[in-house]
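> Coordinates for the following, if possible.
(one chain, ligands or ions: 1)
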Amino acid sequence: MEREALRVEGLRKRYGGLEVLAGVDLSLKEGEILALLGPSGSGKTTLLRIVAGLERPDAGRVYLFGQDVTHLPPERRGLGVVFQDYALFPHLTAWENVAFGLKGPRRREKALAALERVGLTLFKDRRPHELSGGQQQRVALARALAPGPRVVLLDEPFSSLDAGLRAATREEVRTILKGLGTAALLVTHDQEEALSFADRIGVLRGGRLEQVGTPEEVYLRPRTPFVAQFLGQTNLLPGEGQGRYARTFLGPVPLSEPREGPLLLSLRPEALRLRPPGEGVVGQVLARAFKGHDLTYRVRVQDREILVQEGPEAPFREGDWVGVEVVGQGVPLSEEKPLTPPGQAAAKP
Ligand SMILES: Nc1ncnc2c1ncn2[C@@H]1O[C@H](COP(=O)(O)OP(=O)(O)OP(=O)(O)O)[C@@H](O)[C@H]1O
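Below you'll find the model as predicted:
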């Protein structure tokens, strides 16, 4: 059975009147990569800092491999940490940076082995300013991994890399972590990063985990309007559930799970297609955004606007009359819990 690497229970944190974490429970299996995804200010970094021991929770517990570490100082938790700005020492070479946190006679050997793992053997004697952003990022990772932690914490570690390098570095880091069997908790506000890097994603909103699941689950089966909208573009449609279908202004929409009665659906733009007028439900193209690999249309249907994703060669232009056809499934959403305004206690039921 897989062991639990990290567990947090009932974590709460306030800064003055602001409730930043409102009772978070989360667990991470051995070797698992979990991304905490949420908008700016949702409490991601605070949660990571509490796990690292850099911040005290007002309430709740942190366990590492079953041991309660809530009151242990950071250096006794045995975690590796990589921050957004890498925090490398500018006057030390790559290997000296990696060796900095190591103890004992074989420091240099261990540091060089860690640099080899991230493919930087040739760059061992360079200082940070002589390395590219991606290489600096890998030095920071080598430094975090060199002492052999069983859990690493990654706080937006790819955000200062440009798009191409970011995707490649992410893939390399994932391969390294999986090869070592190191569990990782990653903080990001980038949906694509969370979807491609993590085994599971926890979506944070206003200090609460709104949904935790595999990338497929949170993208294809979002439970709330917030999760549906935060993980990519979507259409939120009111409808009337009639078993496996819902009646909507776009006609009948097949449901991912049967429902009866009034409901709100998430229907991704890729679940819709445009046809020549006369087929499907009539609409008019308001805007067209060409993105290379695909094309998104904003279309008015009755008095509403919807997004439709098409292939890059779709012929329709602004102003064209079109037919809108449903080709995918709609996901019924749960009622969204209203957020507690900052500084107020949640209303008791
Ligand atoms: N030491 C602190 N003192 C006071 N307020 C703080 C402190 N640290 C964080 N906050 C506040 O707590 C809230 C959550 O911050 P946190 O950094 O955890 O969010 P985040 O989700 O990581 O956001 P971002 O993506 O912008 O980094 C913010 O409103 C922030 O201003």
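
> Val24 contacts Leu209, correct?
Yes. Counting by C-beta atoms under 8 Å, Val24 touches Leu209, with 5.7 Å between them. (Glycine included, C-beta is placed from N, CA and C.)

> ok, the two, which is more surrounded?
Val24 (23 against 20; other C-beta atoms under 10 Å).

> Can you name the residues that contact the nearest residue to the more buried one once chain neighbours are set aside?
Closest residue to Val24 apart from its sequence neighbours, by C-beta to C-beta, 6 or more residues apart in numbering: Leu11 at 4.4 Å. Contacts here follow C-beta atoms under 8 Å, 6 or more residues apart in numbering; on that basis Leu11 touches Leu21, Gly23, Val24, Asp25, Leu47, Ile50, Pro57, Ala59, Gly60, Arg61, Val62.

> Surely Leu11 is in a strand?
Yes. Using DSSP: H, G, I helix; E, B strand; the rest coil, the assignment for Leu11 is a strand.

> mind checking how far it is from the ligand?
12 Å (C-beta to the nearest ligand atom, to the nearest Å).

> ditto for Phe226
14 Å.

> Just the element for that residue, please.
Under the criterion of DSSP states H and E, Phe226 resides in helix 225-230.

> buried set for that helix?
Within helix 225-230, the residues that count as buried by 16 or more other C-beta atoms under 10 Å are Pro225, Phe226, Val227, Ala228, Phe230.

> which other helices and strands contact it?
On a contact count with 3 or more C-beta pairs under 8 Å, 6 or more residues apart in numbering; DSSP states H and E, helix 225-230 meets strand 200-205, strand 208-213, strand 235-248, strand 251-267.

> want to throw those into a markdown table with distance to Gly280 and mean pLDDT?
Formatted as a markdown table, the helices and strands packed on helix 225-230 follow (distance: least, C-beta to C-beta, whole Å; pLDDT from 0 to 100):
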| stretch | distance to Gly280 | mean pLDDT |
| --- | --- | --- |
| strand 200-205 | 33 | 96 |
| strand 208-213 | 32 | 96 |
| strand 235-248 | 13 | 95 |
| strand 251-267 | 7 | 95 |
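
> would you turn the ones you listed into TSV with distance to Ala167?
Shown next, in TSV, are these (distance: least, C-beta to C-beta, whole Å):
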stretch	distance to Ala167
strand 200-205	17
strand 208-213	23
strand 235-248	28
strand 251-267	26
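
> Can you say which of those strands is packed in most?
strand 200-205 (a mean of 24; mean count of other C-beta atoms under 10 Å).

> now that one against strand 208-213, angle please.
Here the directions of strand 200-205 and strand 208-213 differ by 160 degrees (axes from the mean of the first three to the mean of the last three C-alpha atoms, to 10 degrees).

> Strand 200-205 pairs with which strands, parallel or anti?
strand 33-37 (parallel), strand 208-213 (antiparallel) (DSSP bridges).
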